[in-house]
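1. Model the structure of this input:
(4 chains)
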Protein chains: 2
Amino acid sequence: MNNKRVTSFDVAELAGVSRSTVSFVYSEDKQSRIRPETRQRVREAAEKLGYYPNASARALASNQSNTIGLIMTRSPRYIASDNFLPQIIGGLLDIVKQEQLGLLIEWVEPGQQMQTYLQLSHAKHIDGMIILTPRFDDPGLNALEQLGIPCVLMGQIPGCNLPYVDIDNRSSAKLAVDYLIELGHHQIACITNAATAYSSASQRLEGYRDALKAADIALDESLIRIADFDAASGYTQMKDLLTEYPRFSAIFVASDNVALGALAAIHEAGLSVPEDISLVGFDDIPEAAFYYPKLTTVHTPAKEIAEESCYLLMQLLKGETPFSRTINIPTQLIIRDSTRMIERSHITTY
Amino acid sequence: MNNKRVTSFDVAELAGVSRSTVSFVYSEDKQSRIRPETRQRVREAAEKLGYYPNASARALASNQSNTIGLIMTRSPRYIASDNFLPQIIGGLLDIVKQEQLGLLIEWVEPGQQMQTYLQLSHAKHIDGMIILTPRFDDPGLNALEQLGIPCVLMGQIPGCNLPYVDIDNRSSAKLAVDYLIELGHHQIACITNAATAYSSASQRLEGYRDALKAADIALDESLIRIADFDAASGYTQMKDLLTEYPRFSAIFVASDNVALGALAAIHEAGLSVPEDISLVGFDDIPEAAFYYPKLTTVHTPAKEIAEESCYLLMQLLKGETPFSRTINIPTQLIIRDSTRMIERSHITTY
DNA sequence: AGAGATTATTAACACGCGTTAAACTACAAT
DNA sequence: ATTGTAGTTTAACGCGTGTTAATAATCTCT
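-> The predicted model follows:
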C-alpha cells in the first residue's frame, strides 16, 4: 500500500464540489437533488481516483450495515455434510447481490444462543438475520421476539411469533407416507432427519404418525429411528433397524442426505430398493435424482424458501409491514424409482 | 425498540470511569493497563446495561473489520449443487468463531472480477479474502497481487504469485489413473470436474494425461468430456460418452459430485460398476462412501484446506510474514468398491 | 428587471469507538 | 516535605460518511 486511502473529500476536491454533494451522488434515493452534469463530474472524479465508499463509515453514519446474517443452529461438523445448505446459500447469494447486500454466515452453539443473537443484532454488524432450522429449545428466540429485532426463521416453531418461511413439514411427510400406504405397505419404518429438538424433524415425524393413524395402522415405536443430518447417521440407523427389527417393507426417511446412508445400509445387507424395501426421502436435493435408485422424495423448493426469507427480511428492515409474516411454500411428492407396490410375499398377517 | 442504544459512554458513566477506560477494557491486548477492580466494575456496568460494542464504529476507528470474505467464482446456480462447499464453509466457520472473526460470503460474476475485488477490499467491509476455485482467465487476480491486498487462493494459478493453499491436483489425478492402469485398464475415459478455465479442472486433466503417457497409452481425445460441477452435468456427459464412444473399461471422473451423475447414467445404460466399468472419483466428499457402489476416490482434506487458508490469511492480516506463502495439502487415494481388475473379456486388442 | 419560487449546494454536526499524549494518583526513596 | 517513578486514568482528536438546516444559484412569471 503506497498511497493513502481515497475519501469522499478527495473526490469532492477533484470534482470541485463539496463532500456532501459526493455523498448525495452515492445515495441513490435522492439523486434528483443533484444536477446530472454535477453527478457526472463526481462519478468521473471517483473513477479517476479509484474511490470506493468506506463501508464501516457508512454503516456508522447511517446506522445500517446493508448486511444480513444467515445463522445456523448446528455445529460446523454437521454443516459440512449438509447438501441442502448450498441451495439455501445459493438462493440467498442471488438475491443479496441484486439488492447490494452483504451476507454474513454464523453459527450458534447450543446454550449460547441468547448471547449470540443479542451480540449480532446490537453490534450492528448485520441489520437483520435469517435463522436456519430453528430449535424448540432455543431460549434466544424469545429475546429476539421481545426486542423486535428484524429476523426471519427458516422453519416454524409453534408458539413463537417470529416471522417465518417454511414448508408444511407435517402434511408433506404425511403425503409421503400416504403414498407408501397407497402402494400397499403396512409396515413402514421411519428415520428422522435430525434430533426432534429441530422443529422440522418433529413435524415430519408427526406427519408420519398422522398417516399411519389415518390408515388405521398401529404405530410401532421400534420402527422409528433418529438420525443426525448426514448420510453416516442414516447408515447407522438403518443398519440398526435392519438387524434389530427387519420386519418392514417400506421406510420414510425424512431427509435425502440421511436416505443416502440408509440406501447404503440396505444394499450392504444384500437387499434392494424398491424390490425388498420401498423408500421415500425428503427435500429432493439436486442429487436425489441421481441416487441409486433414483429417489422418490418430497420436493422442497429450497431456492424459493431462500428467496422468500430474504424478501421478507428486507421488508422488515425497511420497516414495511409485510403482507404476511408467515409464508408457507408448497411441496410436491416426486415419484421416482425407490418405491413400488408391495410384493405379495411381503405381506405379513397379524 | 423503546430505549436508545447503549454506548460506551453510558457504561463509563455507570462505572464511574471515562470512555477511554471502557475502550481499553474491551481491547484485550492492553488489559494490563487497567486495574483489575476497575475492569470488573466496567464489565458489570456493561452487563447491567446490555452493552455491545458497535462493530461499525470499531471498524471505522481501528481500520479493521475483523471479518474475512469467502469469494466464490461461479454463479449461485452452480453453488447450489456443490457438495464440496459445505465442508469448506464448515471448516472456515470453525476457525472464524474461535478467532472472533466474521465470515462474509460473496460471488463474482465473470467479467466483473476486477471491480468486485477492488470494491470488497477498499470498502473495508472485509479485511482480507479467500478466493475459492480461482480461474485462469481472472484479470482481477493481477490487481489483487499488485495492490498487495490480503488474499489467499484456494487453488493455484500458475504464474500468479498470490499466496495459496491447494492440493497437488495434477499428481493426485495421476495417482487415481495410475491405479486404474495398475488394475489392467487401458481404455480409460475422463470427465472433468468443471470447465478448464478453472485451474483444478485443467490440472486434474493434465494428471490424467500424465498417467496415460507414463504407461504408454495413446491419448484418445474423444474419451474426454467436460462437466460442470454438478451431478446433472456428469449424467449428461456420461450418457453422451456411452452412446458416442462406448469402448472403455474405466473412467476417471474428477469430482465426486459429477461422478454421482455419471454412475446414474451407467446404471441407466444397464451397465454396472465396477463389473463393466471401473470408476474413480475425486474429492472424497462425505457422501462418496455411501454412493452405490461406494466410491474409490481421491481424498481431499477439505477441512484442512479451509483451516490452512484461514490461518494463512490471518497471518497476512497481522502483517506477519508466513513461513510459507504456498501450502500444499497431501491427498490420498481411497479404494472402495467402484474399481476392480479388468475382466479378460474387456481387453480389446489393437 | 425584480420578487418569489424552486432547485442545487454547502457548512456543520453526529455516528461510536480507538488511541496518543498528557494528567493524575499513589507510593517509595531521598 | 520533596522528588521521582511506575501505574492508572482521561481529554481530545480522528476515522469517513450521512443528513439536516441554511445558503446560494437558477428559474418563472408579471
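2. pLDDT below threshold where in chain A?
-> Applying pLDDT under 70 to chain A picks out residues A:1-3, A:28-32, A:344-350.
3. Tell me the residues on it that lie near DNA strand D, please.
-> Counting by C-beta under 7 Å from any atom of the strand, the residues of chain A close to DNA strand D are A:5, A:7-9, A:19-20, A:22-24, A:26-27, A:51-54, A:57-58, A:60-62. (Each C-beta comes from the backbone N, C-alpha and C, glycine too.)
4. From those residues, which land in helices?
-> Under the assignment DSSP state H, those contribute A:8-9, A:19-20, A:22-24, A:26, A:57-58, A:60-62 to helices.
5. Turn those residues into JSON lines, including neighbour count and distance to DNA strand C.
-> Formatted as JSON lines, these follow (neighbours: other C-beta atoms under 10 Å in any protein chain shown; distance: C-beta to the nearest atom of the strand, whole Å):
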{"residue": "A:Ser8", "neighbour count": "21", "distance to DNA strand C": "10"}
{"residue": "A:Phe9", "neighbour count": "12", "distance to DNA strand C": "10"}
{"residue": "A:Arg19", "neighbour count": "14", "distance to DNA strand C": "6"}
{"residue": "A:Ser20", "neighbour count": "10", "distance to DNA strand C": "4"}
{"residue": "A:Val22", "neighbour count": "27", "distance to DNA strand C": "8"}
{"residue": "A:Ser23", "neighbour count": "17", "distance to DNA strand C": "8"}
{"residue": "A:Phe24", "neighbour count": "20", "distance to DNA strand C": "6"}
{"residue": "A:Tyr26", "neighbour count": "17", "distance to DNA strand C": "12"}
{"residue": "A:Ala57", "neighbour count": "17", "distance to DNA strand C": "7"}
{"residue": "A:Arg58", "neighbour count": "20", "distance to DNA strand C": "9"}
{"residue": "A:Leu60", "neighbour count": "20", "distance to DNA strand C": "4"}
{"residue": "A:Ala61", "neighbour count": "12", "distance to DNA strand C": "4"}
{"residue": "A:Ser62", "neighbour count": "11", "distance to DNA strand C": "8"}
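6. which of these lies closest to chain B?
-> A:Leu60 (4.3 Å; C-beta to the nearest C-beta).
7. Tell me who's in contact with the closest residue to that closest one other than its chain neighbours.
-> Excluding the flanking residues, the one nearest A:Leu60 by C-beta to C-beta, 6 or more residues apart in numbering or on different chains is B:Ser56, at 4.3 Å. Taking C-beta atoms under 8 Å, 6 or more residues apart in numbering or on different chains, we find B:Ser56 in contact with A:Ser56, A:Ala57, A:Ala59, A:Leu60, A:Ser65, A:Lys124, A:His125.
8. what does A:Pro110 give?
-> A:Thr73, A:Arg135, A:Asp137.
9. ok, back up a step: what's the closest of the contacts of B:Ser56 to DNA strand D?
-> A:Ala57 (3.4 Å; C-beta to the nearest atom of the strand).
10. can you pull the contacts of the closest residue to that closest one other than its chain neighbours?
-> Among residues not flanking A:Ala57 along the chain, B:Leu60 sits closest, at 5.3 Å (C-beta to C-beta, 6+ apart). By C-beta under 8 Å, 6+ apart, the contact set of B:Leu60 is A:Asn54, A:Ser56, A:Ala57, A:Leu60.
11. B:Leu60 and A:Ile79: what is the separation?
-> According to C-beta to C-beta, to the nearest Å, B:Leu60 and A:Ile79 sit 31 Å apart.
12. Any idea how many residues pack against A:Gln146?
-> 9 (other C-beta atoms under 10 Å in any protein chain shown).
13. you'd agree it is in a strand?
-> No - when the secondary structure is assigned by DSSP: H, G, I helix; E, B strand; the rest coil, A:Gln146 falls in helix instead of a strand.
14. now the ones in helices among the residues of chain A next to DNA strand D as a markdown table including distance to A:Glu99?
-> Shown next, in a markdown table, are those (distance: C-beta to C-beta, whole Å):
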| residue | distance to A:Glu99 |
| --- | --- |
| A:Ser8 | 23 |
| A:Phe9 | 29 |
| A:Arg19 | 27 |
| A:Ser20 | 26 |
| A:Val22 | 23 |
| A:Ser23 | 21 |
| A:Phe24 | 21 |
| A:Tyr26 | 16 |
| A:Ala57 | 21 |
| A:Arg58 | 16 |
| A:Leu60 | 21 |
| A:Ala61 | 20 |
| A:Ser62 | 16 |
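15. beta partners of the closest residue to DNA strand C within the stretch 151-300 of chain A?
-> Here the stretch 151-300 of chain A gets closest to DNA strand C at one residue, A:Cys151, 20.5 Å apart by C-beta to the nearest atom of the strand. Beta-bridge pairing for A:Cys151 (DSSP bridges): A:Met129.
16. Does it touch A:Tyr164 like I think?
-> No - counting by C-beta atoms under 8 Å, A:Cys151 sits too far from A:Tyr164 to count as a contact (9.5 Å).
17. where's A:Asp210, which helix or strand?
-> helix A:199-214 (DSSP states H and E).
18. helices and strands around the helix or strand just after that helix, which ones?
-> Next in sequence after helix A:199-214, counting helices and strands by DSSP H and E, comes strand A:224-225. Contacts defined by 3 or more C-beta pairs under 8 Å, 6 or more residues apart in numbering or on different chains; DSSP states H and E place strand A:224-225 against strand A:188-191, helix A:231-244.
19. And the contacts of the first one?
-> Spelled out, it's strand A:188-191. Residues contacting strand A:188-191 (C-beta under 8 Å, 6+ apart): A:177, A:180-181, A:205, A:208, A:212, A:217, A:223-227, A:234, A:237-238, A:241, A:245, A:248-254, A:258-259, A:262.
20. For chain A, which segments are assigned as helices?
-> A:8-15, A:19-26, A:36-49, A:55-62, A:76-79, A:85-98, A:113-123, A:140-147, A:169-182, A:199-214, A:231-244, A:256-268, A:302-318.
21. List the contacts of stretch A:140-147.
-> Against stretch A:140-147 from outside (C-beta under 8 Å, 6+ apart): A:108, A:113-118, A:121, A:131, A:134, A:151, A:153, A:157, A:160-162, B:1.
22. at 6 Å instead, please
-> Stretch A:140-147 is contacted by residues A:Gln113, A:Met114, A:Tyr117, A:Cys151, A:Cys160, A:Asn161, A:Leu162 when judged by C-beta atoms under 6 Å, 6 or more residues apart in numbering or on different chains.
23. Quick check, the fourth one in contact with A:Ile130.
-> No - proximity of A:Cys151 to A:Ile130 does not meet the contact threshold set by C-beta atoms under 6 Å, at 7.6 Å.
24. which residues does A:Thr296 bridge with?
-> Under the criterion used (DSSP bridges), A:Thr296 bridges to A:Val280.
25. Distance check, the residue nearest to A:Ala57 against B:Leu162.
-> The value you get for B:Leu60 to B:Leu162, if C-beta to C-beta is used, is 28 Å.
26. can you check A:Gly50 too?
-> Taking C-beta to C-beta, one finds A:Gly50 at 20 Å from B:Leu162.
27. of these two, who's got more company?
-> Neighbours were counted for A:Gly50 and for B:Leu162 using other C-beta under 10 Å; B:Leu162 has more, 18 against 13.
28. thinking that one is in contact with B:Val152, fair?
-> No - counting by C-beta under 6 Å, B:Leu162 stays clear of B:Val152, with 7.4 Å between them.
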